[in-house]
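S.K.: here is a sequence together with a model predicted from it:
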Amino acid sequence: MIDEAFHLTPLDVRRYDFGRAFRGYDPARVDQFRDQVAEEMERLARINQDLDAKARSFHEQLRSFRERDKALNDALVSAQQLRAEMREQAEREAQLIVREAHQEADKLVDMGKAELKKLEDEVEALARSQRAFIAQMRGLIARQMSEIDAADGPIAGVSRKTGTEQG
């Protein structure tokens with residue numbers, strides 16, 4: 001188990017004094033090993049720093065991507081709401097146009113019916129006028145025929161056969 005409170009740095013390894021003891025370790029080999037350990041620790045520390053920097057960068061990118069994702073989702077929701085509102089508005093306008101068209105059509109039909117009634121009344125009036133005119137003409141012709149028939153009779157003092165006056 002690694003103690004989190006204990007942090008060994010490459011400098012700690014380089015400066016650590018093993019002490020001298022009789023028949024202890026070979027100081028040259030200990031120094032060489034200590035240098036190798038310190039170099040490896042420095043290499044690992046650089047890698048760790050690079051990984052930490054990359055991790056921070058990735059976390060920042062992730063945060064940025066999440067913000068963009070949220071913004072895109074918000075925009076998508078707004079666009080969907082706008083589309084729904086526009087569709088509803090278009091449907092209301094279409095219904096209004098249809099109602100107005102029906103009203104205009106009803107108005108035109110009523111005007112057409114009124115015009116037809118007017119024309120029918122005029123035709124009826126013309127038919128009455130025609131019948132009255134024909135009746136008047138028949139009366140006039142009948143009177144004229146009576147006058148012609150009366151005129152076709154013997155003229156006083158003129159013979160029909162000779163056309164001369166009798167006396």
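M.R.: Sure thing, it's come through. Given the structure is predicted, the values throughout are model-derived calculations rather than measurements.
S.K.: only C-alpha atoms from now on, for both contacts and neighbour counts.
M.R.: Fine.
S.K.: show me what the longest helix anywhere in the chain is packed against.
M.R.: Counting by DSSP state H, the longest helix found in the chain is helix 27-151. For helix 27-151, the packing partners by 3 or more CA pairs under 8 Å, 6 or more residues apart in numbering; DSSP states H and E come out as helix 10-15.
S.K.: C-alpha coordinates for the helix it packs on, PDB please?
M.R.: C-alpha atoms of helix 10-15 as PDB (Å, rounded to 0.1, in the frame of the first residue of the first chain):
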ATOM      1  CA  PRO A  10      14.200  12.600  -7.700                       C
ATOM      2  CA  LEU A  11      16.100  15.200  -5.700                       C
ATOM      3  CA  ASP A  12      15.300  13.300  -2.500                       C
ATOM      4  CA  VAL A  13      16.700  10.100  -4.000                       C
ATOM      5  CA  ARG A  14      19.900  11.900  -5.200                       C
ATOM      6  CA  ARG A  15      20.500  13.400  -1.700                       C
END
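S.K.: okay, now the unreliable bits of the chain?
M.R.: For the chain, the stretches flagged by pLDDT under 70 are 1-6, 153-167.
S.K.: again, 90 this time
M.R.: The model of the chain has pLDDT under 90 over residues 1-45, 144-145, 147-167.
S.K.: could you measure from Leu140 over to Asp121?
M.R.: Leu140 sits 28 Å away from Asp121, going by CA to CA, to the nearest Å.
S.K.: what's the answer for Phe58, then?
M.R.: 91 Å.
S.K.: now do Ala38
M.R.: 121 Å.
S.K.: more crowded one of the two?
M.R.: Remark: of Ala38 and Asp121, Ala38 carries more neighbours, 20 against 12, as counted by other CA atoms under 10 Å.
S.K.: residues in contact with the more buried one?
M.R.: Applying CA atoms under 8 Å, 6 or more residues apart in numbering to Ala38 gives the contacts 9-11, 13-14.
S.K.: closest to Ala105 among those?
M.R.: Thr9 (94.1 Å; CA to CA).
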